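Enquirer: model this:
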Amino acid sequence: MGKKEKREAEQTDVSIGNGGSESHEKHPKKKRKNKDKVKELENDVVSLSAEIPTITVAIPGSIIDNAQSLELATRLAGQVARACTIFRIDEIVVFDNKSSSEEDATTEIMDNDSGENESGAAFLMRILSYLETPQYLRKNLFPRHNSLRFVGLLPPLDAPHHLRKHEWGSYREGITREKQDRGSVGTAVDVGLTKNVMIDEVIEPGTRVTVEMGTNRSLDAGPRKIVPSSRPRDDGMYWGYKVRYAPNISSVFNKCPYKGGYDHRIGTSEHGLVITSSELSLPSFRHLLIAFGGLAGLEECVEEDDNLKGKNVRDMFDSYLNTCPNQGSRTIRTEEAIFISLQYFQEPISRVSKRYQ
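Expert: Reported below is the predicted structural model:
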């Protein structure tokens with residue numbers, strides 16, 4: 001039995017609660033509509049935050065296929081989420097190594113309720129999205145799913161937008177509830193506090209939103225205001241990462257959500273240029289992309305992409321670097337390379353960021 005089949009064989013017991021909600025099973029059309037609404041709100045973020053430098057990490061979904069069990073695959077995904085949160089990554093792109101329909105893959109990640117035959121990319125996206133979501137929203141946004149069986153074993157991201165019930169913040173993530181009949185137009189939003197807060201807009205129930213809480217700590221005060229999820233970031237706060245799917249590595253570049261695309265692309269490989277972090281000088285950028293390969297590296301990812309036939313992997317990137325030379329092991333796992341590389345890039349990125357201050 002292959003490693004992927006072993007994971008699938010384990011995905012039969014859904015008795016462990018992982019934030020399931022019966023509403024997802026009763027209203028599949030509403031679920032899709034809510035997801036589309038959230039997607040619209042996220043798309044708005046791109047244009048609003050265009051003036052602030054962003055950092056994107058691209059990771060192959062195939063790294064999950066190398067895990068020997070569902071639990072190990074979950075822990076691997078948790079390592080990726082922790083690394084990206086620690087180093088304030090704005091976007092994670094999970095890409096496949098094959099040419100396939102992006103629409104079909106998006107449908108899979110949205111509608112595969114059983115977890116059976118779920119691809120590595122879909123599994124990784126599900127875990128990353130789940131962990132990025134504040135704990136008090138997960139039960140309503142994520143139905144019970146086999147792939148989430150072991151998420152309770154993972155350490156929390158503890159990101160700034162994962163506020164606790166006793167904490168007050170200028171912004172909070174929330175989920176809209178049923179329309180309230182209080183003689184005025186508005187919607188109740190669960191923001192993880194003892195009471196729901198009211199907003200002055202009518203939004204379909206089940207939609208994730210970012211609420212500006214202000215300084216008045218009375219939960220009866222209001223109504224509060226919905227803001228783009230980029231607003232906290234505009235105020236200098238780290239507000240989690242977005243997750244995007246790409247069917248192949250060329251789609252990582254071609255489907256970039258930022259206007260003008262990624263203006264500096266970095267590929268990481270043991271065959272890359274060796275240069276110390278202190279000597280690395282990055283040009284000014286608005287949207288930086290750092291790409292990681294799978295078991296056979298980025299070279300294989302480019303070779304398997306039908307859209308890049310005849311292309312050399314070095315031609316796809318502005319910089320092609322070896323961030324861990326003289327390694328003692330024959331191989332460095334992708335989840336290890338992410339931690340190593342993001343630390344390596346901290347000083348060069350910091351020098352660029354200071355130019356915009």
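Enquirer: can you list the weak-confidence ranges in the protein?
Expert: Counting by pLDDT under 70, the chain contains low-confidence ranges at 1-51, 98-116, 179-184, 357.
Enquirer: what are the ranges of the strands in this structure?
Expert: For the chain, the strands defined by DSSP state E occupy 54-60, 91-95, 171-179, 187-190, 197-199, 208-212, 225-227, 242-246, 264-273, 287-291, 319-321.
Enquirer: how about those in TSV, adding distance to Leu124 and mean neighbour count?
Expert: Every residue, glycine included, has its C-beta placed from N, CA and C. Shown next, in TSV, are those (distance: least, C-beta to C-beta, whole Å; neighbours: other C-beta atoms under 10 Å):
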stretch	distance to Leu124	mean neighbour count
strand 54-60	7	24
strand 91-95	5	24
strand 171-179	22	21
strand 187-190	28	21
strand 197-199	33	22
strand 208-212	20	21
strand 225-227	29	17
strand 242-246	9	21
strand 264-273	18	20
strand 287-291	15	25
strand 319-321	24	20
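Enquirer: Make a markdown table out of these and add distance to Glu303.
Expert: Putting the strands of the chain into a markdown table (distance: least, C-beta to C-beta, whole Å) gives the following:
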| stretch | distance to Glu303 |
| --- | --- |
| strand 54-60 | 13 |
| strand 91-95 | 14 |
| strand 171-179 | 41 |
| strand 187-190 | 48 |
| strand 197-199 | 50 |
| strand 208-212 | 38 |
| strand 225-227 | 44 |
| strand 242-246 | 16 |
| strand 264-273 | 13 |
| strand 287-291 | 15 |
| strand 319-321 | 15 |
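Enquirer: so Gly293 touches Glu300, yeah?
Expert: Yes: applying C-beta atoms under 8 Å, one finds Gly293 in contact with Glu300, separated by 6.9 Å.
Enquirer: Neighbour count: those two, which is higher?
Expert: Neighbour count, other C-beta atoms under 10 Å: between Gly293 and Glu300, Gly293 has more, with 25 against 17.
Enquirer: Leaving aside the residues adjacent along the chain, what's closest to that one?
Expert: Once flanking residues are discounted, Gly293 sits nearest to Cys301: 5.7 Å by C-beta to C-beta, 6 or more residues apart in numbering.
Enquirer: same thing with Thr56?
Expert: Glu91 (4.2 Å).
Enquirer: who touches the one you found in this structure?
Expert: 54-57, 241-244, 257 (C-beta atoms under 8 Å, 6 or more residues apart in numbering).
Enquirer: and the end-to-end length of stretch 62-73?
Expert: This stretch, stretch 62-73, spans 11 Å end to end (C-alpha to C-alpha, to the nearest Å).
Enquirer: Mind listing what's buried along that stretch?
Expert: Residues of stretch 62-73 classed as buried: 62-67, 70, 72-73 (neighbour count, 16 or more other C-beta atoms under 10 Å).
Enquirer: Among those residues, which pair sits farthest apart?
Expert: Using C-beta to C-beta, the two most remote members of the buried residues of stretch 62-73 are Ser62 and Leu70, lying 16.4 Å apart.
Enquirer: Please enumerate residues in contact with stretch 250-266?
Expert: Residues from elsewhere that reach stretch 250-266 (C-beta under 8 Å, 6+ apart): 43, 46-47, 50, 54, 56, 58, 91, 93, 95, 102, 244, 246, 282-283, 285-291, 305, 307-308, 316-321, 345.
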